[in-house]
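S.K.: requesting a structural model of the entry that follows:
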Amino acid sequence: MRIQPCLALILAAAIAAAASAQTPSPDEVAAALQKKYDGVRDFSADFTQLYEGGVLRRKAVERGAVLVKKPGRMRWNYKSPEEKVFVSDGRQVQLYVPADKQVMVSSLPADDQATSAVLFLMGKGNLTRDFTVSFVPGRSEKTYVLRLQPKTRQAEYDWLQLTVDRQSLQIRELMAGDQQGGRSTFQFTNFKENTGISDKTFAFTPPPGTDVVKSRQER
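M.R.: All right, here's what the predicted structure looks like:
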């Protein structure tokens, strides 16, 4: 049986409309993700950090675990290839490198000075307010991949790419790119939410004999 051209067009339009109805827009995914993380009090995950950039296209891979508690608390425990701790207690930030026997201390940036990515992780930012959102070309049945273009200029990056699980909306990967072609990617596994992480987790006291280097604001 031959389908008339006009009927074929109607059927094609109906199929396209049905497909569109099943696929949310980038802004709808971003809004759903924001709503989900507004309800996340704390989370932990294992991470792999990959960096590629510079004139020589230098590559580096680091691994560890991260814990976050809103508002303003983060702890990144790097395990390999070098141990180090980056911790924020909501007031100040410390970076401790055991091999150097040194800890660098600075004040936590004010909301109007921190990057949008940091604010989102710490529970203070908003994806739909701070970014122009679009889908990255290429389709996955398991994840959404969002391109986040900051609406205000950021010193640390030009754009972000966020990969989230379609079912749980948990973050699987966060990539940041800069004008020099650098790429910094965090891949997350073993993601756990609302487990009741203690505030004590974000208290850090350097071991005796550690050289403490304070920023001007902390002196």
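S.K.: now tell me which helix or strand of the protein has the poorest mean pLDDT.
M.R.: Least confident helix or strand, the chain: helix 5-22 with a mean of 49, by mean pLDDT, DSSP states H and E.
S.K.: which parts of the chain are strands?
M.R.: 42-53, 58-69, 73-80, 84-89, 92-97, 102-107, 131-135, 143-150, 159-165, 171-177, 183-193, 211-214 (DSSP state E).
S.K.: so where's the chain shaky on pLDDT?
M.R.: Along the chain, segments meeting pLDDT under 70 span 1-22, 54-56, 109-119, 122-124, 216-219.
S.K.: before we move on, the earlier item: dump the strands of the chain to a markdown table, plus distance to D199 and mean neighbour count.
M.R.: (C-beta placed from N, C-alpha, C; glycine too.) Converted to a markdown table, the strands of the chain look like this (distance: least, Cβ to Cβ, whole Å; neighbours: other Cβ atoms under 10 Å):
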| stretch | distance to D199 | mean neighbour count |
| --- | --- | --- |
| strand 42-53 | 10 | 17 |
| strand 58-69 | 7 | 16 |
| strand 73-80 | 7 | 17 |
| strand 84-89 | 8 | 19 |
| strand 92-97 | 14 | 18 |
| strand 102-107 | 19 | 17 |
| strand 131-135 | 30 | 18 |
| strand 143-150 | 30 | 19 |
| strand 159-165 | 28 | 19 |
| strand 171-177 | 23 | 19 |
| strand 183-193 | 17 | 15 |
| strand 211-214 | 22 | 12 |
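S.K.: using CSV, lay out those strands together with distance to P26.
M.R.: Putting the strands of the chain into CSV (distance: least, Cβ to Cβ, whole Å) gives the following:
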stretch, distance to P26
strand 42-53, 23
strand 58-69, 24
strand 73-80, 27
strand 84-89, 30
strand 92-97, 32
strand 102-107, 35
strand 131-135, 4
strand 143-150, 6
strand 159-165, 11
strand 171-177, 16
strand 183-193, 20
strand 211-214, 42
